[in-house]
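In: The sequence and its predicted three-dimensional model are supplied below.
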Amino acid sequence: LRELRDDLRHPSLAGPGGLAEQAARSGEPIVLTDIPDDARFIVRPGLGKIIPKAIACVPMQVQGRPIGAAVLGSLRDYDEEAVSFMQSAATEIGIAASNALRHLDLRDLARELQETNEQLDGQNEELQAQNEEIQAQNEEIQAQNEELAAQSSELQQQNAELEVASEELRAAEEQQRRLAETLQKSFLPRPLACIDGHDVADAYVPAHEHSQVGGDFYDIINLENGKVGLVIADVSGKGVDAAVYTAMAKYMLRGFALEDPRPAQVLSRLNEAITRYAAGEVFITLFYGVLDSRERKLIYGSAGHEPPLIFRRESGACVTLQTTGPVLGILPNIEYTEEKESLSEHDVLVMYTDGIVEAGRGRDRLGHVRLEEIIRRSASLSANDIADNIVTDARRFAEGRLGDDVALLVVKARNGEQPQYAAKESNGSEYIKA
């Protein structure tokens, strides 16, 4: 039936052919009589000994299309009734074939529909699985969005709390800075003590206006018999802690000096006190000298401090006062030594903290050589002008921005003149001259 259906859909009856083909094409039965005498009938070998007298070729059609012909042979001639019967039989065969083909088409169509439905069912299941996966992803995204929203809200709250805490911290730091600043101002002697026969000047300059207060300080202590104690020091750290240790060092040193002013004794006792009460918390570089204003003799000790300089007017050279022991507060039981120098008329003693020699830009620093040159160039001026030139040149060399606080004490020997005293204090931009 499938072959027959293919033949019907793709007929191949073109061209001339035999009687069966002619009958199928014409749709009319062809009846031959007197077969043995008919030249159109060729007896093929193997046909047999019995030769029919008559042959009828009856066309067979399905759905109006020829599908072939039924060839029947008879030993007698066919009459009209026989031909009509054969035609009817061929028509019935065609109808049966048509029904069979229709049934085959319906069955194939049903199978195709079933296959299509199964395919659609598979696609639906796949789509359903994808939809479920997408729904799960959407739920996960929604959960993540809710979590992000909660985190964002928490961060906003934390930011608000941090802002409040930052404001409180700024207020506390400002209060601490003012307290430390007040403490440090109390460390700077006002008015500056007089030294008979000598011109004295001092200066203090913070690195910049809003920097934390450092531990630089200086002092002049009136001793007996025309002697004075000269102090300059640098306490490690910044802020209130440095101010507290500065106060401790300053007033302990004063007490020790008033009991026994010898520099070696004062430094040893001060080191023992600091290592005992502030071990590991602070260290101090400090220069302490005792100047006899009448004899112009200087006995000094230096605990790791920047070396003071004495400009000799007679030779035009600068003498460096070297350290006589380690920094205070590091090791106990240190025996400090002391050295002696003398001052002549118009000689200049300059004591300073490291903010002077470390002033600079990049790796280029003012250094000791440039400091000596500034002192040498300014030596003919008053102590006040010498201090002013030192700080001005250091600030200019650092392009207006000092990297560390500066403390400076200048003593210039005079002969038979009324002593002069000057003080300078700065907020980082201008001096206030006394």
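Out: Sure, I can see it.
In: Could you use CA atoms for every contact and neighbour count after this?
Out: OK.
In: average pLDDT for the longest helix seen in the chain?
Out: In the chain, with assignment by DSSP state H, the single longest helix is helix 80-187. Regarding helix 80-187, the rounded mean pLDDT is 84.
In: Residue numbering should commence at 510 henceforth.
Out: Right, with 510 as the first residue, what we last looked at is helix 589-696.
In: Now do it: which elements does it pack against?
Out: Contact here means 3 or more Cα pairs under 8 Å, 6 or more residues apart in numbering; DSSP states H and E; on that basis helix 589-696 packs against helix 511-518, strand 563-571, strand 724-731, helix 748-768.
In: so where's this protein shaky on pLDDT?
Out: 510-526, 545-559, 572, 682, 685-701, 717-723, 925-943 (pLDDT under 70).
In: Is there a neighbour count for A710? I'd like the number.
Out: A710 has 26 neighbours, counted by other Cα atoms under 10 Å.
In: ok, it touching D897?
Out: No: with contact defined as Cα atoms under 8 Å, A710 does not count as touching D897 (9.2 Å).
In: can you give me the helices for the stretch 760-909 of the chain?
Out: Along the stretch 760-909 of the chain, counting by DSSP state H, counting those that start in this stretch, helices occupy 772-786, 863-866, 876-887, 892-906.
In: Tell me the buried residues in the first one?
Out: Across helix 772-786, burial judged by 16 or more other Cα atoms under 10 Å covers 772-784.
In: what residues does it touch?
Out: 758, 761-762, 765-766, 769, 797-799, 808-810, 812, 837-847 (Cα atoms under 8 Å, 6 or more residues apart in numbering).
In: how about a cut-off of 6 Å?
Out: Residues outside helix 772-786 that contact it (Cα atoms under 6 Å, 6 or more residues apart in numbering) are F765, Y809, G810, L837, G838, P841, E844, Y845, T846, E847.
In: The last one - nearest residue in space that isn't next to it in sequence?
Out: For E847, ignoring the flanking residues on the chain, the nearest one in space by Cα to Cα, 6 or more residues apart in numbering is G810 at 4.7 Å.
In: what bridges to the one you found?
Out: Beta bridges link G810 to Y797, judged by DSSP bridges.
In: just checking, it touches K849?
Out: No: contact criterion Cα atoms under 6 Å: G810 and K849 do not qualify, at 9.1 Å.
In: which of those two has more neighbours?
Out: Each of G810 and K849 has its neighbours counted (other Cα under 10 Å); G810 has more, 27 against 13.
In: Might you report the residue contacts of that one?
Out: Counting by Cα under 6 Å, 6+ apart, G810 touches P772, Y797, T833, E847.
In: Cool, thanks, talk later.
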